[in-house]
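Undergrad: 3D, please:
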Amino acid sequence: MKASAFACPQAVSRRSVLRSAAAAAAVSLAGVARSADPPAAPAAYRAAVIGHTGRGNYGHGLDVVWLNIPNVKVVAVADADAKGLAAAAKRLGGAAPYPDYRQMLQKEKPDLVSICPRHLDQHRDIALAACQAGARGIYLEKPMCRTLEEADQVVAACEQHKVKLAVSHQTRYCPRVAMAKKLIDEGVIGKVLDLRARGKEDRRGGGEDLWVLGTHVLNLVQFIGGQPLWGFAEVRQDGKPVAREHVHEGAEGIGPLAGDEVHAVWRLASGAMASFDSVKNAQPKEARYVLFVCGTKGVIRIGHGYMTQVHLLEGASWAGIDPKAKWRPISSAGVDQPEPVKTGGMHGGNETAVSELIACVEKGGNPSSSVYDGRWAMEMIVSVFESHRLGRPVKLPLENRKNPLTML
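TA: Residues are numbered from 1 along each chain as shown. Next comes the predicted model:
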């Protein structure tokens, strides 16, 4: 197969990956404009898309991400909903339609697979089927699975079949976040004391917010502060500690769920503490859906999404009452530097993620948000409910791989 223009994180810097992405996209668009050019060579990679209209649909653009990636052709799409399948096949340039993803995987034997549905009750089974069918790379909508037991099975399948899997934690692929991590490692904010995160705290606030949106910020917490060693949490419903009577079937295939209020802390491998809080309808405009990294000499604020806003506040006064204190923007080039990366938005993040995934398929290494990172985010999420169930701190990785709410 033709070598990809991208490299896995271990091989090149994020900036060079993004420059390659921009160059590859420019070449691709130029080729479209020159109708007199010779026919393009056959795609080196065959991609397949799996969605489920009405049950998670196609996630956040995980279906169309392959259309602008050089040397990739979408050859097939699967969707159990007939109308959704027809629309997807058209959207994906005439990809062969299949009502059953298992049949599609066995017949088409794709190199790359997008597992798109937001409903995570489907993720484990589809991922296992893709591994068994010979896929080399998988792009998976977050969160990874319903339980740690399911996540363990996906990890084992990827290892057994030598499959690279990337979880669509968009913010993790932001080059500004990579620069923020570099500045933190260089001591710009001094010793990191704690990392403070909140969910969107809309109508999903509490347990659902933790699962569906907390996975993004907890993935960043691990990237910056290291893996969690232990966690302690409380989950409440209508002002009372969650009990068996509060457990219900969660939205988006989460499984047993409870809580309209979540408060959790973790000790990280770096020595810093981390926290996550979410209260239902506390901030409908997402004003606090951010991560603050607080150090002895300053604080860095990281927003949500690919090419999100990242800022530095220098000084020990985090409250911002110092009239001389100023939030300074961080670009992928550094503090107060113009942003050289022009690709943005959710689609840009997906393209960056799958381009890196292809590089890892070719050259080894793991994606920035790998199958292991996806499982660690789940460890933190599930530890909230396990700590609440036991009424004490819990060590991570957790011994219990089931859903703790089924054991109340």
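Undergrad: for the protein, which spans come out with low pLDDT?
TA: Residues of the chain meeting the criterion pLDDT under 70: 1-43, 284, 286, 318-322.
Undergrad: nearest the geometric middle of it, what residue?
TA: Compute the mean C-alpha point of the chain, and by CA atoms, centre = their mean the closest residue is residue 169, 1.5 Å away.
Undergrad: got the contact list for that one?
TA: Residues touching residue 169, when contacts are defined by CB atoms under 8 Å, 6 or more residues apart in numbering, comprise 142, 215, 216, 219, 220, 369, 373, 374, 377. C-betas here are computed from N, CA, C, even on glycine.
Undergrad: report the beta-bridge partners for the closest residue to the fifth one other than its chain neighbours.
TA: Ranked by CB to CB, 6 or more residues apart in numbering and with sequence neighbours excluded, the top spatial neighbour of residue 220 is residue 291, at 5.4 Å. Following DSSP bridges, residue 291 is listed with bridge partners residue 197, residue 302.
Undergrad: from the contacts of residue 169, which is closest to residue 197?
TA: Closest to residue 197 out of the contacts of residue 169 is residue 220 (7.8 Å), distances taken as CB to CB.
Undergrad: what domains does the record give for the chain?
TA: Under automatic domain parsing, the residue ranges defining each domain of the chain are 43-167, 172-339+371-395.
Undergrad: quick one: which of those domains is nearest residue 351?
TA: Between residue 351 and these, the tightest spacing by CB to CB is seen for domain 43-167, at 5.9 Å.
Undergrad: so how far is the closest one off the chain centroid?
TA: From the chain centre to the centre of domain 43-167 is a distance of 16 Å (CA atoms, centre = their mean, to the nearest Å).
Undergrad: just among the contacts of residue 169, which is most surrounded?
TA: Per-residue neighbour counts (other CB atoms under 10 Å) across these peak at residue 369, which has 29 neighbours.
Undergrad: my guess is that one contacts residue 218. True?
TA: No: counting by CB atoms under 8 Å, residue 218 is not a contact partner of residue 369; they are 11.5 Å apart.
Undergrad: that older thread, so which of the contacts of residue 169 sit within strands?
TA: Members of those lying in strands (criterion: DSSP state E): none.
Undergrad: ok, the residues you listed vs residue 44, which is closest?
TA: Of all those, the one with the least separation from residue 44 (CB to CB) is residue 369, at 23.6 Å.
Undergrad: span of stretch 229-246 from start to end?
TA: Using CA to CA, to the nearest Å, the end-to-end distance of stretch 229-246 comes out at 29 Å.
Undergrad: if we can go back for a sec, how close does the residue nearest to residue 220 get to residue 315?
TA: Computed as CB to CB, to the nearest Å, the residue 291 to residue 315 distance reads 19 Å.
Undergrad: what does residue 357 give?
TA: Residue 357 sits 40 Å away from residue 315, going by CB to CB.
Undergrad: again, but for residue 192
TA: 15 Å.
Undergrad: all strands for the stretch 51-200 of the chain, in order.
TA: 72-78, 96-98, 112-115, 137-140, 164-167, 192-198 (DSSP state E, counting those that start in this stretch).
Undergrad: for residue 59, find the nearest of those strands.
TA: For residue 59, the closest of the strands of the stretch 51-200 of the chain is strand 112-115, at 8.1 Å, according to CB to CB.
Undergrad: so residue 116 sits right up against residue 62, yeah?
TA: Yes: shown here, residue 116 and residue 62 form a contact pair, counting by CB under 8 Å, at 4.2 Å.
Undergrad: neighbour-wise, which of these two wins?
TA: Comparing residue 116 with residue 62 by neighbour count (other CB under 10 Å), the higher total belongs to residue 116, at 29 against 25.
Undergrad: contacting residues for the more buried one?
TA: So residue 116 contacts 49, 50, 51, 52, 56, 57, 58, 59, 62, 63, 141 (CB under 8 Å, 6+ apart).
Undergrad: for the first one, which residues make a bridge with it?
TA: The reference is to residue 49. The partner list for residue 49 in beta bridges (DSSP bridges) reads residue 77, residue 114.
Undergrad: what about it, neighbour count?
TA: Counted with other CB under 10 Å, the neighbours of residue 49 add up to 30.
Undergrad: how far away is it from residue 63?
TA: Look at residue 49 and residue 63: by CB to CB, they are 5 Å apart.
Undergrad: show me which of residue 357 and residue 315 is the more surrounded one.
TA: Set residue 357 next to residue 315 and count neighbours by other CB under 10 Å: residue 357 wins out with 27 against 14.
Undergrad: in contact with that one, which residues?
TA: Contact analysis of residue 357 by CB under 8 Å, 6+ apart lists 112, 137, 139, 164, 166, 367.
Undergrad: tell me who's in contact with residue 226.
TA: Applying CB under 8 Å, 6+ apart to residue 226 gives the contacts 268, 269, 270, 272.
Undergrad: buried only: go through these for me.
TA: Neighbour counting by 16 or more other CB atoms under 10 Å classes 268, 270, 272 among the contacts of residue 226 as buried.
Undergrad: which residue packs closest to residue 314, ignoring adjacent ones?
TA: Distances taken as CB to CB, 6+ apart place residue 298 nearest to residue 314, at 4.3 Å, with adjacent residues excluded.
Undergrad: can you give me the neighbour number for the one you found?
TA: By the criterion of other CB under 10 Å, residue 298 has 21 neighbours.
Undergrad: ok so, going back, in a markdown table, list the contacts of residue 357 along with distance to residue 90.
TA: Compiled in a markdown table, the contacts of residue 357 are given as follows (distance: CB to CB, whole Å):
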| residue | distance to residue 90 |
| --- | --- |
| 112 | 20 |
| 137 | 25 |
| 139 | 21 |
| 164 | 29 |
| 166 | 26 |
| 367 | 30 |
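Undergrad: most neighbours among the residues you listed, which one is it?
TA: The most neighbours, when the contacts of residue 357 are compared by other CB under 10 Å, belong to residue 367, which has 29 neighbours.
Undergrad: so that one, which state does it fall into?
TA: The assignment at residue 367 comes out as coil when based on DSSP: H, G, I helix; E, B strand; the rest coil.
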